[in-house]
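# Sequence and computational prediction follow.
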Amino acid sequence: MEVRGKLIPESVESRCSSASKYTASNLCRSRSAQSLKLLGDSASQDDKMTILAQLFWLSLALLQSDYEHEFLLALRLLDRLLHRLPLDRPDARDKVDKLQCQIKWANFPGLHALLLKVSC
């Protein structure tokens, strides 16, 4: 299918053609906020734990910033993450450790050193 000179993959074409039965136009409708929320609810607990672990390492990387505003934003993010990331659970710690190996942060100074950087 071609729309405005651009080719559309068959999977999108079939979804749009079935959606056009219910709408006046032949354009494919975007997903509603409710349907996106339902998709988010179906995410497994393991996926959510992975996202939290990734955000944890992202916040630690942001703590290395020399800009005070970025550092403070990283602190706020880390504070919120530590309330949601259950580091007392072994599976959560395993996710964090696994990601540390994957990002290969060779000279990682540790969280304590990153937080004390402000006092220097």
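Done, it's in. Numbers count the residues shown, from 1 in each chain.
# Excluding chain neighbours, what is closest to F71?
Excluding its sequence neighbours, the residue lying closest to F71 (Cβ to Cβ, 6 or more residues apart in numbering) is S65, at 5.1 Å. Every residue, glycine included, has its C-beta placed from N, CA and C.
# Counting neighbours, what do you get for that neighbour?
14 (other Cβ atoms under 10 Å).
# does it count as helix, strand or coil?
Assigned by DSSP: H, G, I helix; E, B strand; the rest coil, the conformation of S65 is coil.
# how much space is there between it and M49?
Going from S65 to M49 by Cβ to Cβ, to the nearest Å gives 26 Å.
# again, but for D91
Distance, D91 to M49, by Cβ to Cβ: 7 Å.
# So the two - more neighbours on which side?
Taking other Cβ under 10 Å, D91 and M49 do not tie; M49 has more neighbours (19 against 10).
# Could you tell me the per-residue confidence at that one?
pLDDT, M49: 90.
# Wasn't Q54 part of a strand?
No. Counting by three-state DSSP, Q54 falls outside a strand, being helix.
# quick one: the helices in this structure?
Here the chain has its helices, by DSSP state H, at 10-19, 33-41, 45-62, 68-84, 90-103, 111-116.
# Let me know which of those helices is tucked in deepest.
helix 45-62 (a mean of 16; mean count of other Cβ atoms under 10 Å).
# Between helix 68-84 and it, find me the angle.
Interaxial angle of helix 45-62 relative to helix 68-84 (axes from the mean of the first three to the mean of the last three Cα atoms, to 10 degrees): 150 degrees.
# For the remainder of this discussion, apply numbering that starts at 42.
Fine by me, first position is 42 from now on; the one you just mentioned is helix 86-103.
# Compute the inter-axis angle for helix 86-103 and helix 131-144.
Interaxial angle, helix 86-103 versus helix 131-144 (the same axes, to 10 degrees): 50 degrees.
# Give me the contact list for helix 86-103.
By Cβ atoms under 8 Å, 6 or more residues apart in numbering, the list of residues contacting helix 86-103 from outside reads 111-112, 114-115, 118-119, 122, 125-126, 132-133, 136-137, 139-141, 144, 146, 152, 155.
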